[in-house]
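**Q** build the 3D model from these lines:
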Amino acid sequence: MLEGLLKSKFYAKSKSLLKMSKARLEVLKKKKSSVARFLKNDMAELLRSGFDYNAYCRADGLLVEQKMIACYNFIEQFCGCISSNLSAMNKQRECPEECKEAAQSLIYAAARVSEFPELRDFRTLFTERYGTPNESFVNEEFIETLRPKSTTKELKLQLLHDIAEEFNIEWNSKSLEQKLFKPPREHSVNISRTDTLLSQRTRARYRISYPTKTTDNQQNISDISRFCSKLFFSDSSKINSI
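**A** Got it, this is the predicted structure:
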């Protein structure tokens, strides 16, 4: 009697969560799709107008939106699996084999998709019924989709090519590729040469030289003091004359 009551509560709670998740998915997917569509149109217009670097700079934003849409598609797929097999899940104490991936993937998503509160309710429901989560059953492609990672230049360039093809834009990426993959200038060498030149000019201006090594430490200190004094008094006199 008690076991049947608990199962009925599980069934009712699951049904309610599936209904709310469906509504949530519709809202989230509509919002993300709208943003992605706007970004794609904007990037296409930039490519058409010759501002390919500006389009390239917007690629990260579009990739983020596409990633989240893919994530929502997975969640929708998992919820569909739970819905189709809910009667079997209600009858069996152990999670049916065909539902393990869906159930564990929804649990896995709960801590990673903050805008989807129903996932946390699914996590509570499934862990109470089936015990400790087992990530070995989580969909590997879903894990890869949720994994934080930096986008490469090659990936963003490919996105631009896809947009150009979709919108029938004749675009040659050679100029942008040369700009993106141009070897960095050797700033450290330039800075070193500049510092050396300034140092030489400073010594010539004040007709002094840096203290050299000597066994007499007191002489070193004296040389440094004279060097600083000449710099100070010279700059002070200029300030006073203004």
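**Q** where exactly do the helices run in the chain?
**A** Along the chain, the stretches classed as helices by DSSP state H are 2-48, 52-57, 59-84, 86-91, 100-110, 118-130, 140-146, 153-166, 174-180, 187-206, 217-241.
**Q** most tightly packed of those helices?
**A** Neighbour counts (mean count of other CB atoms under 10 Å) averaged over each of those peak at helix 100-110, with a mean of 23. In this view, the C-beta of every residue, glycine as well, is placed from N, C-alpha and C.
**Q** residues making contact with it?
**A** Residues from elsewhere that reach helix 100-110 (CB atoms under 8 Å, 6 or more residues apart in numbering): 71, 74-75, 77-79, 81-82, 95, 116, 119-120, 122-123, 126-127, 130, 133-135, 137-139, 142-143, 146.
**Q** please work out the average pLDDT along that helix.
**A** Averaged across helix 100-110, the pLDDT comes to 97.
**Q** contact partners for the residue lying closest to residue 43 once chain neighbours are set aside?
**A** Take residue 43 and drop its neighbours on the chain: the residue closest to it by CB to CB, 6 or more residues apart in numbering is residue 55, 4.3 Å away. Listed by CB under 8 Å, 6+ apart, the contact partners of residue 55 are 42, 43, 44, 46, 47, 160, 163.
**Q** residue 45 versus residue 55, what's the distance?
**A** Distance, residue 55 to residue 45, using CB to CB, to the nearest Å: 8 Å.
**Q** residue ranges of each domain in this structure, please.
**A** Domain segmentation of the chain under automatic domain parsing yields 2-178, 187-241.
**Q** pLDDT weak spots in this structure?
**A** Within the chain, the stretches with pLDDT under 70 are 1-7, 184-242.
**Q** 90 - rerun?
**A** 1-8, 93, 148-151, 173, 175, 178-242 (pLDDT under 90).
**Q** now residue 132, what are its backbone angles?
**A** phi -60, psi 140 (degrees, to the nearest 10).
**Q** number of nearby residues for it?
**A** Residues lying near residue 132 (other CB atoms under 10 Å) number 6.
**Q** and if you look at the one 4 residues further on?
**A** Neighbour count of residue 136, defined by other CB under 10 Å: 8.
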